[in-house]
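Peer 1: Next input, structure requested:
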Amino acid sequence: MAGIVFLKTEDLAKTVAFYTGTVGMRVWLEQPEITILRHENLLIGFQQHSRPDTGGVITFFYPERQAVDAIYEELRDTALEPPRVNERYSIYNFFARDPDGRLIEFQQFLHDLPAWR
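Peer 2: Numbering: from 1, shown residues only. Below you'll find the model as predicted:
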């Protein structure tokens with residue numbers, strides 16, 4: 001089974017440019033007023049709307065710390081703080097904001113993970 005999370009965005013073109021150009025997602029499917037983006041097993045559909053969805057957190061995870069550090073350098077201006085180890089959850093992470101002000105997280109798990117592919 002697969003799934004897609006749909007979120008409303010105030011400026012579809014700006015949001016798509018951010019997630020493809022900065023975060024590294026790829027366009028998976030285009031529909032009227034909707035662009036569905038893909039990052040590994042994550043599908044997010046952004047829909048043009050006058051009131052964006054800004055609740056929740058979109059989390060991207062990477063196998064190495066260097067990837068988290070590299071995306072932090074890209075997002076330094078919108079990052080809430082530099083990456084750090086979070087002992088409670090055994091992750092290395094940081095948070096930033098996307099063009100709608102939505103909270104996004106970038107992390108590496110510091111422990112073994114169950115298979116997800």
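Peer 1: what's the single longest helix in this protein?
Peer 2: Secondary structure of the chain read by DSSP state H shows that its longest helix is helix 65-75.
Peer 1: Rounded mean pLDDT for it, please.
Peer 2: For helix 65-75, mean pLDDT is 96.
Peer 1: So which residues make contact with the helix or strand that it is followed by?
Peer 2: Following helix 65-75 in sequence order, the next helix or strand is strand 84-86 (DSSP states H and E). With C-beta atoms under 8 Å, 6 or more residues apart in numbering as the test, strand 84-86 has contacts from 91, 92, 93, 94, 110. In this view, the C-beta of every residue, glycine as well, is placed from N, C-alpha and C.
Peer 1: where do the helices sit along this protein?
Peer 2: Along the chain, counting by DSSP H, helices occupy 12-18, 65-75.
Peer 1: Rebuild these as JSON lines, extending it with distance to residue 41 and mean neighbour count.
Peer 2: Below are the helices of the chain laid out as JSON lines (distance: least, C-beta to C-beta, whole Å; neighbours: other C-beta atoms under 10 Å):
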{"stretch": "helix 12-18", "distance to residue 41": "19", "mean neighbour count": "16"}
{"stretch": "helix 65-75", "distance to residue 41": "16", "mean neighbour count": "16"}
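Peer 1: I'd like to know which of the ones you listed is closest to residue 98.
Peer 2: Closest to residue 98 of the helices of the chain is helix 12-18 (C-beta to C-beta; 5.9 Å).
Peer 1: Could you name the helices and strands sitting against that closest one?
Peer 2: strand 34-39, strand 42-48 (3 or more C-beta pairs under 8 Å, 6 or more residues apart in numbering; DSSP states H and E).
Peer 1: picking that back up, just checking, what packs against the longest helix of the chain?
Peer 2: Contact analysis of helix 65-75 by 3+ C-beta pairs under 8 Å, 6+ apart lists strand 91-97, strand 103-109 as its packing neighbours.
Peer 1: As CSV, those with distance to residue 26 and mean pLDDT would be great.
Peer 2: Converted to CSV, the helices and strands packed on helix 65-75 look like this (distance: least, C-beta to C-beta, whole Å; pLDDT from 0 to 100):
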stretch, distance to residue 26, mean pLDDT
strand 91-97, 20, 97
strand 103-109, 17, 96
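Peer 1: Cool, thanks, signing off.
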